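Asker: starting from these lines, generate the structure:
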Amino acid sequence: MVRLGASSMFFHEYALEHVFSAIVASGLDTIEFWLETPSFWTTGRRLENLEVVIADYPSLSPITVHAPVLDLNPVSINPEVATVSVESACSAIRIAEHLGATVITIHPGRRTAKRPPSRADMDRFELYMEAVERVSGGLSVAVAVENMEQKINALLTTPESVRSVLDEYPRLSFTFDYAHALMSGHSFPDDFLSLCGDRLVNVHASDGSASSMHHPLGRTGGMNDLAGLLGRYGYDGPVIFEIEDLSFPEAPGYDEKIAILSREANYFREAWHKQVYLSFLNSRE
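Answerer: Numbering: from 1, shown residues only. Just a heads-up that it's a prediction; the model follows:
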């Protein structure tokens, strides 16, 4: 059975203790801790405080980690911005290893101008990936690049582009963002796993079929599609509900957020058990 979790940023306005407590109260198995969660990121980034909270909630370990991405761009045309961004990603990888995380997710960056990525952008991306490869050597944490949504200046939006990078960098793994893939068309999720599933170590689960991304997936029927897709490819790693609280008409409170995640977990488990049962029946035919 996969391990279900949620992004800590869904509870961005709460203290660390309350973030972890909410994930447990939602009936989930793990947490994807964004290092930019304000109660950690803006209060001194004291690892010892984070370690205490992680130790207080052993049922959520091992955790996954998301590297910083806000205000950062490792392929920026501004060399100072690019340098700081690459250093931030490499530092996050070391932190994830220190915390005993199984996976750390990184973003590929984007062209600074709102134009399709150029050869120069890909050259800067290669420098970024080379730095990631160097720092991840000998570590146990899997460093996973995430597929991005279709925007004119985005990198790694197609299955083919992700596959090319995975082939180029053997230490690199893959975080599959289901919402990002859906924004490109309903055939894209299957295409991503068909081409890149051998390096898949993490899944971000939310809906991206509407005009904005990262809505809850359960009520759309999409949970059946996602569970079926993951089951077909034999995936058994973490599935992280990455939900944006601004996607709701009114901002949900603490207890409501717990209820939302609990419903998402129930939807997924029901869909997962259904596809496991169907696979069993098909195997007997």
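Asker: taking the centroid of this structure, which residue is nearest it?
Answerer: By C-alpha atoms, centre = their mean, the chain has its centre lying nearest to His204, at 4.6 Å.
Asker: for that one, helix, strand, or coil?
Answerer: strand (DSSP: H, G, I helix; E, B strand; the rest coil).
Asker: gap between it and Pro238?
Answerer: Distance from His204 to Pro238, counting by C-beta to C-beta, to the nearest Å: 10 Å. No exception for glycine: its C-beta is placed from N, CA and C like everyone else's.
Asker: what's the answer for Ala55, then?
Answerer: Ala55 is 19 Å from Pro238, by C-beta to C-beta.
Asker: when these two are compared, which one has more neighbours?
Answerer: Pro238 (24 against 9; other C-beta atoms under 10 Å).
Asker: ramachandran coordinates for that one?
Answerer: When read as degrees, to the nearest 10, the backbone of Pro238 gives phi -70, psi 140.
Asker: find the nearest non-adjacent residue to it, please.
Answerer: Nearest residue to Pro238, sequence neighbours excluded (C-beta to C-beta, 6 or more residues apart in numbering): Arg3, at 4.9 Å.
Asker: give the burial count for the one you found, as a bare number.
Answerer: Neighbour count of Arg3, defined by other C-beta under 10 Å: 16.
Asker: what's near enough to touch it?
Answerer: Applying C-beta atoms under 8 Å, 6 or more residues apart in numbering to Arg3 gives the contacts Asp29, Thr30, Gly237, Pro238, Val239.
Asker: likewise Gly208?
Answerer: When contacts are counted by C-beta under 8 Å, 6+ apart, Gly208 is found next to Glu149, Tyr178, Ala179, His180, Ala181, Leu182, Met183, His214, His215.
Asker: rerun at 10 Å
Answerer: Contact analysis of Gly208 by C-beta atoms under 10 Å, 6 or more residues apart in numbering lists 149-150, 177-184, 188-189, 214-215, 217, 222.
Asker: do you know the pLDDT at the closest residue to Asp207 other than its chain neighbours?
Answerer: Of all residues beyond its chain neighbours, the one nearest Asp207 is His215 (4.2 Å), with distances taken as C-beta to C-beta, 6+ apart. If you check His215, the pLDDT there is 87.
Asker: end-to-end on stretch 33-48?
Answerer: End-to-end span of stretch 33-48 (C-alpha to C-alpha, to the nearest Å): 15 Å.
Asker: likewise for stretch 239-256?
Answerer: First-to-last residue span, stretch 239-256, C-alpha to C-alpha: 21 Å.
Asker: off-centre distance for that stretch?
Answerer: Chain-centre distance of stretch 239-256: 16 Å, with C-alpha atoms, centre = their mean, to the nearest Å.
Asker: can you check stretch 63-75 too?
Answerer: How far stretch 63-75 lies from its chain's middle: 10 Å, per C-alpha atoms, centre = their mean.
Asker: lovely, talk soon.
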